[in-house]
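Peer 1: need a structure here:
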Amino acid sequence: GTMPVAIGSLAHLKHLFVDGNDFNGPLPREIGSLARLRYLYLKNNSFTGKIPTELGEMTHLRGFSVEDNSLSGTLPSEIGSLTELRYMHVSFNRLDGTMPVAIGSLAHLKELFVNGNDFSGDLPSEIGLISNLHYLSIELNDFSGEMPDEVCDLENLIELSADCEEVDCDDGCCTICCEDGGDCDDSSADVDE
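Peer 2: From the prediction side, this is the model:
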């Protein structure tokens with residue numbers, strides 16, 4: 001079934017985990033009324049439609065996961081209001097357009113997984129402002145151009161996976177390179193022959 005609009009009336013809710021259910025239909029805009037929510041995990045469902053811009057009103061959110069759904073449209077720039085966010089997983093949906101520059105406002109973000117969508121264009125250099133970023137996964141999209149130096153220079157970055165044939169990753173910036181078929185190669189692995 002669909003997520004009820006009445007979900008927005010749960011003003012004191014701090015955690016919402018509904019992973020792996022049969023939810024479908026759009027995410028209700030009223031979800032933005034959950035101002036105290038810290039974790040919103042909706043992965044492995046069948047949600048459709050756009051990520052509501054009202055998500056930006058959830059300023060205490062620390063974890064946001066909608067991976068493995070059928071969400072479409074762009075990643076709203078209001079996501080930049082989620083300054084306490086640590087984990088954002090939007091992988092394997094149908095999201096498109098360019099990555100919003102506002103993503104650089106997420107100073108506490110540690111994991112950003114946007115792989116398996118239809119994002120395109122250049123990766124914004126503002127991702128380089130996310131100094132706590134440990135994992136960045138952008139493969140299986142339509143990104144192009146060069147990996148911004150600001151991203152490659154992130155000191156805490158442990159793993160960066162990209163489509164290295166489309167996104168130019170100089171000097172070993174990308175730790176994992178993927179091809180169109182989804183085959184990925186860990187370029188950071190030591191090979192002793």
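Peer 1: output the below-cut-off pLDDT ranges for this protein.
Peer 2: Along the chain, segments meeting pLDDT under 70 span 180-182, 187-193.
Peer 1: hmm, 50 instead?
Peer 2: 188-193 (pLDDT under 50).
Peer 1: show me where it has helices.
Peer 2: Secondary structure of the chain, counting by DSSP state H: helices at 149-152.
Peer 1: the closest residue in space to Gly49 that isn't next to it in sequence - how many residues pack around it?
Peer 2: Of all residues not flanking Gly49 in the chain, Pro26 sits nearest, at 3.4 Å (C-beta to C-beta, 6 or more residues apart in numbering). C-beta: built from backbone N, CA, C; applies to glycine. Neighbour count of Pro26, defined by other C-beta atoms under 10 Å: 14.
Peer 1: any idea how far Gly80 is from Pro26?
Peer 2: Using C-beta to C-beta, to the nearest Å, Pro26 is found at 22 Å from Gly80.
Peer 1: tell me the contacts of the residue nearest to Gly49?
Peer 2: Contacts for Pro26 (C-beta atoms under 8 Å, 6 or more residues apart in numbering) come out as 2, 47-50, 52.
Peer 1: could you dump those residues to TSV with distance to Arg36 and neighbour count?
Peer 2: Below are the contacts of Pro26 laid out as TSV (distance: C-beta to C-beta, whole Å; neighbours: other C-beta atoms under 10 Å):
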residue	distance to Arg36	neighbour count
Thr2	23	12
Phe47	22	21
Thr48	27	16
Gly49	24	15
Lys50	24	15
Pro52	17	18
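Peer 1: now for these: which two are most distant?
Peer 2: The most widely separated members of the contacts of Pro26, counting by C-beta to C-beta, are Thr2 and Lys50 (14.8 Å).
Peer 1: from the contacts of Pro26, pick the one nearest Ser144.
Peer 2: Distance to Ser144 across the contacts of Pro26 (C-beta to C-beta) is lowest for Lys50, with 23.6 Å.
Peer 1: wait, isn't that closest one in contact with Asn69?
Peer 2: No - taking C-beta atoms under 8 Å as the definition, Lys50 is not a contact partner of Asn69, at 11.5 Å.
Peer 1: could you give the bridge partners of the residue nearest to Gly49?
Peer 2: Thr48 (DSSP bridges).
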